[in-house]
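Engineer: my questions are about this predicted structure, shown below with the sequence.
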Amino acid sequence: MNFAGLVTELIAGGVGGNIAGVALKKFNLGPVGNTVAGLVGGGLGGQLLSMMLSGGGAAATTAMANGGGMDMSSMLSSIGGGGVGGAIVMVIVGLIRNQMAKSST
């Protein structure tokens, strides 16, 4: 596993979660909630995107064994996948929270 890529995905996910929280106030979880949901989504989204771009399976295993590389394209895919993944998970968690609040009243 490429540690630098994972850290980049987590940071991008946290930022993506907070940007989505500011942009979509209806789903906002607060700064800490947005960051935590973004970190989870960033890690998952970045890994899924890197697996899809590398073809998954043996190609992904080979790329990880070779260090994964930190060229510009892999950094941009880590940032993009992490940011989008963080935003998506933050919105999903916000939607679930809103539905639970509606059902309890």
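Structural biologist: Yep, it's here.
Engineer: those helices in the protein, which residues are they?
Structural biologist: Counting by DSSP state H, the chain has helices at residues 3-23, 30-53, 57-65, 72-104.
Engineer: okay, buried residues for the longest one please.
Structural biologist: Neighbour-count burial for helix 72-104 flags 74, 77-91, 93-94 (criterion: 16 or more other C-beta atoms under 10 Å). For every residue, glycine as well, the C-beta is placed using N, CA and C.
Engineer: work out the gap between it and the centre of the chain.
Structural biologist: Centroid displacement of helix 72-104 relative to its chain, using C-alpha atoms, centre = their mean, to the nearest Å, is 7 Å.
Engineer: mean confidence (pLDDT) on that helix, please.
Structural biologist: Within the predicted structure, the mean pLDDT of helix 72-104 is 90.
Engineer: what's it packed up against?
Structural biologist: Counting contacts by 3 or more C-beta pairs under 8 Å, 6 or more residues apart in numbering; DSSP states H and E, helix 72-104 packs against helix 3-23, helix 30-53.
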